[in-house]
Structure formats: C-alpha cells, structure tokens
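[1] Below is the structure, and that's it, no one-letter string:
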Ligand SMILES: Nc1ncnc2c1ncn2[C@@H]1O[C@H](COP(=O)(O)OP(=O)(O)OP(=O)(O)O)[C@@H](O)[C@H]1O
Ligand SMILES: Nc1ncnc2c1ncn2[C@@H]1O[C@H](COP(=O)(O)OP(=O)(O)OP(=O)(O)O)[C@@H](O)[C@H]1O
Ligand SMILES: [Mg+2]
Ligand SMILES: [Mg+2]
C-alpha cells in the first residue's frame, strides 16, 4: 500500500527497476568521477612514476595534516557551521608539540595526547562562542584564527623550533628520533613488518577518515550532527541537545587539529610560528569538493576523503608533469569546477531521465523547455 | 483582534510604549557600539593624534580598497552567497591598470572603466558558475580565486609593475602623475578647493557605500537581493528572477573589485602579482562584523561601512599605541568578539526585558521556578 | 658528489640533462628576478634543460612535495631555494639518497648531504645597512626599522646585523620597529602610523626595498620625505626596484643581495659533467649609492632577456 | 456548472519527478467567477497541478489555455503577469523582510526616478491587509507574525496583482473559524469581480460552503468533475479514495473519571515575546488523565501552542513558571530532550520549520527522536531501526516510494504523517498534538483519529490543539478553551458545543474558577 505509488504510475515496472539499478550503481560511482579523472590523467601522462607507492605516499603525506583538518571541518560544516581557525589551531598544536619535545624532552606518546587536549580546549572555546554567546561561527572562528595565531607567535617568540634535537653526542635524542615517526619524510612505522613500512601521516589520515565515517553513519551522535545541520529547530524539538552537538563538533574539530599538529611539525622537522596559515581554505575545499554543503546537513567523511585526494593528487600530477605554476593555478581552478559539476548526483539522474524519456517515446518531451 | 495581544497583556501600556521607544532609540544606536568603543579607546589613549584628519585619512585610506571589496561582498552575502575571489579580482584589476598605464600610457579615466569592465567580466563568470552550473558559491569562487590569480601572475610574469613611470626627462609622465591621484599617499583631489583636498580612496569608499546603501534600500533590485537571500524559493515564486539577481550581485562585486584595483595599485605605487591576497577575509569580516548574516537576507552597506571602520581603526589604534604585533593579533580577535556581541540587536532588548521585569515585580523572575 | 647517469634522466637522453628548480616564492620581486636570471644563464648550456620553475608559494609543505616529485621524476640535478631550513632538510636528504646532485640557494638546510651551497649573507646585508646608517647619521638620531615576517630567517639575520652595526654610534637609537611582512602597503600604513604618533625619525631601515619604498610613500604623504633617509635591501635592477629608487633619490642606499643565478647555473653544469665544485660559496653584498646606481642598474638589468 | 468557454483550460497535464510520476493526463476547466475545488488524497497531485499553473516548474506536459489563448507557463513571474496568483501550501514569505515588502515582492511600485515608492507601497499594503482583515503594521517584519497571520499575508500578496485566476492551496490549514469566514468573504468579493478561484482543502464542509465545482484527482490522474451543489459527500470521498470509507469520527469509549491524572499543569505562566510573536500565558491549569484525550480550543494567538510548548520545555526552563506534575511527580520542563526522556512527545505546529529535516530521508526523520531505543554497542542498530520505521510508516499509510525517500519530496499530508510517526516511535505516555491533521486528507484523518484512540485505550494521555472544532468535539473527552493566554472554559464532552466553545474563546477578561467537584463555572470580571 505504501511503497507502490511510483511503480503504479510508471508504465513498465520491470524496465524501470532495471534502469533504476543501473542508474543507482553509476550514481554511487559518480561521486568519484573527479578522482577517477585525476587518476587517469596521472596514469596516462606519468604512468609508473605516478602510481609508484612512494609517489602516492609522498602526495598523500604532504596533504595528510590538512586532510585531518578537513575531517574535523566536515563535522562542523555538517552542522551548518564553519571553522576558520583550524589552521591556527594546527599551528599552535605543532608549536606546543615541538616545545614539549625540545624544552621538556617528552616522549611522543605524551606529546600527542597533550596536543590533542590543547586543540580540544581551543575547539571548545569556538563551540562556546558560537552557542552560548551566539556568535556566527564564521565570525567567532575568524576571531580565534587571529587569537590562536597570536598566542602561537607569542609563545614561540616568532622563532621556529626545530624538532631534530641533537644530544651531547651529536646524535638525535631518543625522543627526537621517535618524534620523526610522526611524519618526517623518510621515516616510516613498522618498517620490516610491512614491506617498506607505513608512513604515519597517511595511516593517521586514513584512520581518522574511517573512524569519522563510522561515527557519522553508525552512531546517534552522527545522526544528531546531520539533524542539527539540516534543521536546527526540528532537531531541538526532537530531543537533540543542539548546543551540545555544536560544541562537540567544534571540540572534535579542535582535537583533530591538535592531532594534526605534531604531524605537521614532524613533516617540517620544525614548528614554524606560521605553520598552518590558510590551511582552513584547503580543509574547507576538500570537504566541499567532496560534496558537503555549507548550508549544513549534507556531506560525508568519505566525500571529504575523496575531495582531499583530488586536491593533493591533482597537485601531484601537475607537479610531475612540470606544468608551470601560473598555469597550475588556472588549471586547478578549472578542474575543481569540472569535478564538482561532474560529481553532482543529479547530473547523472538528469541524464538518465533524459535517456529514459527518449527511449520510451522515441523523442524527448518537447513541451516545456527546461529551467 | 490580531495585533494587540501583547499590549493587552502588559499592565501599563503607556509605560511600555515609553520603554519601547527608549529601547528602540538605544537599539538603533547600538549597531555602532563597537565603533564607538574603538573610537573612545583611540581618543582616550591617543587623543589628538588619533583624531587628526591625516591619521584618520591614512587609516581609512589604507583600508579603502578592501572596504570597497566589502561592499561588493555584502551584496553577494545578502543573497546567501559568498565571493572568495574578490582579492584575486582586485589583484588582476590592479595589474591590468598598471600595465595599461605603463605599456599603453593610457590616461586614468580610460584605465578606470577598463578595469571595472575587466572586474565585471570576472564577476559575471562567478555568477554564471553559481547559477547555470549550480556550483556552490564557495566552491566556484574558491576555484576562480585560483584561476584569476594564475592569470594575474601569468600576465605579469610574477614581476611587480611600478606605476611611477618616468619620462625621458626623469619626471613622471602626465598619465602616471594623474594616476597617482587614485591613491598614492600624499596625492589628493581638489587640493585648494577643499582645504587639504580629498583623498580619493576615502572618497571612493564613501561614495561606493552611499550608492550601495541607496541601491539596496531604495530600489527594486535591492528588495530582490534581500528576498533572494531571505528565502530563495519564496522570491522565485513571487516572480523574482533569482538567477538574474545572483548574477547581478556577483557581477557588481567583480565590478567593484575592478574599481578598487587601480586604488590598490596607486596606493603602493606598483601592482604586485600578489596584491589582494587574503583580502577576501577582510572584506567578509567587515560585512559580518557589520551585522550581515552569511545565511543571507540580513545586513546592510551601512553596517559594512561600520564594520570596515572598526577593523581599520582598531588596527590604527593598536598601532598608535605601539602594541606588539603578536598581542595585536590576540587583542583584535577578542575585540571582534566583544563588538559582535555588543552589537547584537537582541542584547539590548534582552537587557531591557530584564530591567522591565525587575521593575515590574521588584525582583527578577526567579520566584516560581517549577519543581 | 654525483654519479647521475644520463640514461636515468626523466626525459633526458643522449647526454641531455634535465634540471629542476624549486623556488620558495615566485611572486616575490627578488625571486622573480632570480628566476629570470637563472633561466637566462641556463639557456647557455645547450645540453641542459631547465624544467618550468616550481613555485612553493611560501609553503614549506608544498616545497617538500615538489622536491619529492622531482626525485620521483629522476631529474639529473636539482636546485632548491628553501623556504625554511628545517622542513626542507628531509626532502633534500631524500634527493641526496636518490643520488641527485642538489644545489642549495640562499637559505641553508640542516644537513651536509648536498652538493653545493651558494648564497649571500643576510647578517652581512644587515650589517652593511647598519654601517650606511651610521655614515648617514654622523650625529646620531632615531631610526625606525621595518621588518619582514618575524619568523623568517633573513629577517632575523638582517635585524641582528643591523643592530650590531649601529652600535658603533651610541647616539643612534632604534626607536620603533614593526613587522611589515615584507609588504609595501603594510610598510606604508605602519610608517604612516609612526608619523601620526609624532615619532621623529631620521632614518628608516627596511629589510627589503618594497618596504623601504612604502615607507618613502608614507613619508612623502606627510611631507617628511626630505628630512628622512631610507635604506632598503635587495637592489633589483627593475623599474620598480631599489636601484632605480636610489637613482631617483628616494632611497639613500640599498644593497644588492646576490641572486646567485649565474653561479648556480655554472655550478649545476659543473656537477652534471662531474667537475669539482666548491661546497659552499658566499657571495658579496654590493652597496648601491646614488653615485654608482646608474652603473649598477645597467650591469644588472635583465629585462632585455625576458 | 456554468457554460461558455472556460477562463482557464488545462488539458493532458503531466509532470514527473525523479522516480515519481506526480501527474498524468489531468484536465481542469475553470470559469470566470467560479470557485473550483480540487479534491484528492495526500499526494494525489493537487499541489503539483497548481504549481504547474503558477509557473513554478520549468517544464511540464500538456497544454494550458487562458481565455482561449494557449499559454506556456515557465516562470512564476510570467504567470503573475498573466494574472495567475497563487497561495502556496507551504508559506513562501521572506521572514526578515517587512510585511509590505513581502506583499509587493516582485511588483514593487516605483517612482518616476526608478526608486521604490515606499509610501505607496505601505499604503497599498495597508489596503490589502485591511481587505483580508488583518490589522498589522506593514513595516513589521514577517518573522514576528503568527502563522495564521502569515497565511493571511500570503492572501494579501496574491491579491496584489491584477488577478484573473487565484489558486489557493490549503489556505485554511492554519486558520481558525473566524479567519476562515474572513477568507470566504474575500473569495466572494473576488468571484463577484469575475476572478476564477482554484481552491484546495481537505475540509469538506468548507468546500460545501464555498465551492461551485469540484474536480477530484487520484494518484496523479483525473477522476472526475462534479457540481458542488448536487454532489454528495460519500460520493466525493469514494472518488477520492477509490474505496468506501468508514465512519470519520469513531465514538470514543469514555474514560473513567477516576483514572489517574497523568499530566497536570498548574498556574502555568509564560512570558510573552513580541519579537517571535509568542503569546504570554497566565496561570493556565490543565490536566490530562491516562487514556484521556483533552482538546485545547481557542482563536489564533490564544496560547494553545504555547501551552503545549511550555509543557514540552520548548521555551527553556527560564521563561516558564508554574507547577507541572507527571503521574503526580513534580516535573520541570527543562528541554524537549528532557521531555522525551520522561515520555512526552509533541507534534509541532509547523512541520516544515519545526519538525522535519527536509533534506533527509523518511527513515532518518522518523527515528530521530527515538534513536536511544535503537542503541546497541554505542551504535544505532540499523536493522531494528528500519523495522520499527517500516512498521510505523505502514501503520500510518505514509505514501512514499520508500523509507529512503527524501522527506522534502513527499506531499504535505504525507510529511505530516512522518512527523506523527516520529513522535509515536518514542512510545510516549503523554502525547502533545498541535494541529495534528493539518493538511491531512479525510482518509488519513480517520486513520490518525483511530491511532489516537488506540493510544488512549492503551493509557496514553493526549493533549491536542486543533482549529477544527468538529474534530475536537468528536474526538475529545474534555475541551479546555483558552483566550489570550488564560483558561476561559473547561467543557466536558457532553456539554461542549460549537457555540459554547466560541463564546468562551472570545470571552476576554474571563477568569475561570473551579468548584469543588472539579466542574467549572464562569465568572466574568470587568477589569
Ligand atoms: N519536488 C518533488 N520531488 C519529487 N517528488 C515530488 C516533488 N513534489 C511532489 N512530489 C511527489 O508528487 C506527488 C504529488 O504531490 P503533491 O504535493 O502534488 O500532492 P498533494 O495532492 O498536494 O498532496 P497534499 O494533500 O498532501 O498536499 C507526491 O507523490 C509527491 O511525493
Ligand atoms: N515566525 C515565527 N517565528 C517563530 N515562532 C513563530 C512564528 N510564527 C509563529 N510562531 C509560533 O507559533 C505560535 C502559534 O502561532 P499561530 O499564529 O499559529 O497561533 P495559533 O496556533 O492559532 O494560536 P495558539 O497560540 O493558540 O496556538 C506562535 O505563538 C509562535 O510561538
Ligand atoms: Mg499539497
Ligand atoms: Mg498554534
């Protein structure tokens, strides 16, 4: 009784089902068209070099800290917020990690939680500002972008802090050596166990994506995030503590920025007081290219992952092909536009509708032009 | 029967009216609290220096090109869009203006419309992308931010172009001399006619604000801009051509960026290939501090003007007081938060409600908490 | 230090070499000039192709991945102008491990695993500027210093050099200093604020020429350009650069911070043909004064080669 | 039925949405000066047909003739210029703009200099508002207007143009009786001027009063057209539903007077808020026994919604004072979350703004409030969730392609059913219903009534607001009448009549006093 409204009106139920299945299969692949194109371009132009494990590791590793930021950013964007301060939070966290290493000589497994805590506190501040003080997220995080950067610079006295601390013997101290595993190029985890080992930034990024996607799709919290972004009033009346959800996503976003901080410091083998500047644009771009809507309620971590890959591999492919940088800027912009248009779910559906109509009637519906 | 529910429930209608009038008066002033605070701070700490005409001119002049961007940005934000490419458009326009001056030796009154046209074309591209291709404004303009910057850099070959072109006699050429009137510090319009003359960037900014405000509040186009931002479906169903409105605001935004380009070039006496980088954040900040909502439909050019003044005067006051750069970052962020909170229209109303309740009951409404 | 065989060259064959260059920021006037010069000098070597110059856009992370990409491409030699010393260290090491000769320009890296370093000395650049200031202010005076991005190493070195030099005259006082981020419009705004504050400044030292010119603009707007002196650094021979400004009397002096392009090209060529090169070359800082400005401009003008 | 050429003739109208064929081969003839009703179940395609007519869709199939001229309707602006005005089912006002700006949006009067003539605009808006019986400051932002006021503003907006055809899609769904009268008066003046009116409503008694002709749609297809005068209600319902329908209002079994009081609110007081148009409540006393259905009646702005919202905690803990008990235990209405945890559930008044995440699926929306039920190992057990939602969707007969369909694409009435499903999935012991049958067709209404009764029989306490008095009278064991935030009468099922309710609803300055027996008497004060 309930589900048959559509099949009843459609002339050929079976044919429609077949069609629909094909379309939905294509549709589920369609979110990756942009990525596929970039990959294809890379393989065609640079084949083995592009596909080599080390190249892909390098490419993803370079973007990993921004990719992790993008995951947090996606959470915030899903609640219809935005966090511009992620870059500054990452910068401060990376500075904190380097200072803990250099000044306190702490081991990495202490530094990491400390940085995450530090990031979470900053994110909490953002969350409180947007909920209790009811400041637009854009304004609140624009302000904290500046505040956190100021703290970062004040803390470091504008001097970058190298993480490759040498002991009295001229060799790296134990902690500094293990700190390199956070992402200094050429330092891998589990070397020997898994071939050439695993590059931590890539691992961390993938793990964060998997955990984030599971949390969003499988838990109550995930549903609440979507609900708050989709219709805040409805969410509240449905028993969602909307303030708490918003504070939680901002805090998580900060926590992830804190998590990414040491990676950035290790990748650069130093914490720069300007580290992370304008990373927020990359993070937002990854989320949005991956299909997140800034109006909230739409998007996914998988999408963000794809968006991040598109950004970084595009960069890699253009770099491998030694395209001049000015042209790169132009090409990248154009490709982003093309990718977003191609990935739109209704594009294929619109095309399929058209094909179906043509197939059914032998001619497109000529009455009424479109749009 | 319909509109009188509230007056009937209030015990003293006359008293309420008096209250309400006072509150609404204060409320109309309240949008300026942030500005007043900054001004007061400046006057208290730096009195005459701060208030001197030359200082204020310098301060506003330095921000003028960004202020003009902010006006265009406000238009876009009012339709619930966002334009991240304003900085790049300004950069390209400033480069075009310098090249037209240096290579073609064109007079300023030819350069200005040419730059505006160039900006408008870029804005049109943004508008078409967001409407016909239905790309989210954030993504579209993030892409064109990159594209326009690439064109700018390709055009200039990454070399900055000085606008103080000397002729064979070692003096500035006539056109280069008049180009300086666009804003090279120390060059004023109407010197002699109006005292020390008028500094063109300041004049241009004020004129753009006045025209923009009039267009928004007095014309049909203005209403439609608000309607599209406030409820796009409603606007469309009411017969507003929403696509046309959106294309128009993007084009206007580009046109204003083109208008600001020569100002930026003249201010630095050269067009830098990186000119305008990250100006979009300043422009958006000015609009948002001035009360515009990124969700669209709320904001005004007057507000943006106030927002721009807050930003630039704050910078000026802190600079005059020789506050260290790192602290400035922190203080600026905090003041933006405070200003936004203080300027919120419902803050005062909430306070007034509270006072009224206290006055009426002799005590705040804490009496009968249930359970 | 290298045994790069031509057959492994990406795109290179039959004794043809491919060289890549990673620049920290193409759109900085000094570096744009360096790029132009390097392209010019590399053209002289017929068996060497310079790939399009990669621009890290002031991002160390970008630069690291650029270097890695070049290593992937197996170029025959690599020139790097590091954005920052520490971050590039690991990437340069990777290049070195891949047996690609690396020439470091201007800013050092924290490893010895490179083939040659060519650069100027920022400390000396600051010091010479300080010495010029001492000469310009024989009776002492107040100085304003416009700094680049505070955490940039050149800023730190030039600042130190300048301060060390002006100690020669105890009556010279650096009364104000602020970060203008290497940018002209920031310098204009900040100098305007200093003047509005009623600061009396006899001299403004800017760590690059655009900032010096910005300060000059602000001073001329306040009608004080004649009573103040301006010192810049970079000394580019472009219409918009410092040498021209010295010629026009806007700056009291500037210093040609060497682009190292010619030496870099020579060194790379030598490395590709397995000739010995000096591990470390430090180039002189040449002062530009109103007396020699015209000559300097002619000597360093590369516009005809663009 | 009038003869002659119809003013509006639609032939073979069809419209498809992705995966849904909403209309196929529908015809409609409307004559000048006629009120033509459209009737059909939820999702039958009435709104879609009207949207075609108002130019809301870029493309459609079939042909439309206006006064004999074939026209192509591709944009709302174009339709408006042709003299076709429409009041949409969902409100289409811009909340932050003033009433006047909204009314004349897209048709602003201009001075010779091209400026918007603000004075003329205000005057014109004031006239139009007066025509529809609203006394509002045209400069007031629409955000501050109540829903019913907004509905009438929509009417004023539709009247602003040079009308030939006016389409009204459920204009009365948010209106109480008095405003409905006003609306009918407006319609009569329009038809007298020769305007053709297309009128959609699920309230059959309204159609009987105002409509001349009725066209029935079913499943996106055309069923038939009848003259209203001779049509019999059962026949119409039969055409609509395609099967005979049982009794609309089943007789409830009355509750025992000694059933325990489940919900009691005493001296419930809420501070008003002019900005959001929130009515103040003054010492409202209500109680609902287990298994009892209590109705709240009153005029627009009487504070019925506020009573429900206060009990539900929607206004936060600070705005509300008074004593609330649940099963005799003091309960503080802190937040909706708190309420749901204590077994309360509310169907909010405005489904689009307050109830549904329109961009998400039916399943997402239906289970949103009850996710705690499906938690397993910290995850949402999707299997259990899906089963429960499927069950509820089937029980409420929600017409949807599936539970993964996006709620925003369902017809209005089906969206309402999803809201109901959401509340029922929390298994509430107290159900607060605010206009639960708004926009719901007769068949579905009967189902909703039946559900209410089933729940009541199982011991659920139901407090229900409705602007349809027949519905309240038939369904409720007791009716509490509100006026301006005060209780003015409390009537038992036996003593409640339309007249008594209306009298009490308009009794300003009336304060209710209680006798010892719990019966109520009225004592009129003149303050
Ligand atoms: N934008 C849309 N996308 C997809 N399907 C839609 C859309 N709009 C309407 N439909 C579908 O078209 C059919 C007819 O809907 P319509 O809104 O016309 O019903 P209705 O007769 O107005 O119902 P109600 O009485 O509940 O308002 C429904 O099955 C609905 O799901
Ligand atoms: N634009 C709005 N913004 C926020 N809340 C609104 C808005 N419009 C209406 N409401 C809420 O809906 C409530 C009911 O408004 P409506 O005009 O429908 O009254 P009603 O339901 O007829 O009367 P009652 O108050 O008796 O329920 C308002 O009191 C208010 O709380
Ligand atoms: Mg409908
Ligand atoms: Mg109500």
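    Yep, that arrived. From a predicted model like this one, the values you see are computed outputs, not experimental measurements. Ligands and ions are numbered 1, 2, ... in the order given.

[2] Can you name the residue of the stretch 1-150 of chain C nearest to ligand 2?
    Residue nearest to ligand 2 within the stretch 1-150 of chain C: residue C:59 (46.9 Å; CB to the nearest ligand atom). Using the backbone N, CA and C atoms, a C-beta is placed for each residue, glycine as well.

[3] Could you find the closest non-adjacent residue to that residue?
    Take residue C:59 and drop its neighbours on the chain: the residue closest to it by CB to CB, 6 or more residues apart in numbering or on different chains is residue C:83, 6.9 Å away.

[4] Surely that neighbour touches residue C:58?
    Yes. In this structure residue C:83 lies within contact range of residue C:58 using CB atoms under 8 Å: 6.2 Å.

[5] who has more neighbours, these two?
    Ranked by neighbour count (other CB atoms under 10 Å in any protein chain shown), residue C:83 and residue C:58 place residue C:83 first, with 25 against 20.

[6] Would it be right to say that the more buried one lies in a strand?
    No. Looking at residue C:83 with DSSP: H, G, I helix; E, B strand; the rest coil, it is coil, so not inside a strand.

[7] how close does it sit to chain D?
    Taking CB to the nearest CB, to the nearest Å as the measure, residue C:83 falls 43 Å from chain D.

[8] if I pick that residue, what's in contact with it?
    Contact partners of residue C:83, counting by CB atoms under 8 Å, 6 or more residues apart in numbering or on different chains, are C:24, C:25, C:56, C:58, C:59, C:60, C:63, C:107.

[9] now residue A:330
    Going by CB under 8 Å, 6+ apart, residue A:330 touches B:146, B:147, B:150, B:151, B:154.

[10] my guess is it is in a helix, correct?
    Yes. Assessed by three-state DSSP, residue A:330 belongs to a helix.

[11] Please name the nearest non-neighbouring residue to residue A:216.
    Distances taken as CB to CB, 6+ apart put residue A:222 closest to residue A:216, at 3.9 Å, once the chain neighbours are dropped.

[12] Could you give the number of residues near the one you found?
    Here the number of neighbours of residue A:222 (other CB under 10 Å) works out to 22.

[13] separation between it and ligand 4?
    According to CB to the ion, to the nearest Å, residue A:222 and ligand 4 sit 33 Å apart.

[14] Wait, that residue touches residue A:213, no?
    No. Residue A:222 is beyond contact range of residue A:213, at 9.1 Å (criterion: CB under 8 Å).

[15] what is the rounded mean pLDDT of stretch C:234-243?
    For stretch C:234-243, mean pLDDT is 89.

[16] same deal with stretch C:99-114?
    Computed over stretch C:99-114, the average pLDDT equals 89.

[17] before we move on, back to that, reformat the contacts of residue A:330 as TSV; add neighbour count, distance to residue B:104 and pLDDT.
    Below are those laid out as TSV (neighbours: other CB atoms under 10 Å in any protein chain shown; distance: CB to CB, whole Å; pLDDT from 0 to 100):
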residue	neighbour count	distance to residue B:104	pLDDT
B:146	23	28	93
B:147	23	24	96
B:150	24	23	94
B:151	22	18	96
B:154	16	19	91
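
[18] one step back: next, work out how far apart the residue nearest to residue C:59 and residue C:61 are.
    9 Å (CB to CB, to the nearest Å).

[19] Give me the nearest residue to the residue of the stretch 101-250 of chain C found nearest ligand 2, chain neighbours excluded.
    Per CB to the nearest ligand atom, residue C:189 is where the stretch 101-250 of chain C lies closest to ligand 2, at 45.2 Å. In space, and not counting its chain neighbours, residue C:189 is closest to residue B:62: 4.3 Å by CB to CB, 6+ apart.

[20] Quick one: residues contacting the one you found.
    Counting by CB under 8 Å, 6+ apart, residue B:62 makes contact with B:267, B:312, C:185, C:188, C:189, C:192.

[21] What helix or strand is it located in?
    helix B:53-78 (DSSP states H and E).

[22] Buried residues, the next helix or strand after that helix. List them.
    Note on helix B:53-78: by DSSP H and E, the next helix or strand toward the C-terminus is helix B:86-104. Neighbour-count burial for helix B:86-104, counted by 16 or more other CB atoms under 10 Å in any protein chain shown, picks out B:86-102.

[23] One more: stretch D:478-497?
    Using 16+ other CB under 10 Å as the test for burial, stretch D:478-497 gives D:478-491, D:493, D:496.

[24] again with stretch D:460-470
    Buried-residue list, stretch D:460-470, by 16+ other CB under 10 Å: D:460, D:461, D:462, D:463, D:464, D:465, D:466, D:467, D:468, D:469.

[25] where does the last one land on pLDDT?
    The predicted structure scores residue D:469 at 84 on the pLDDT scale.
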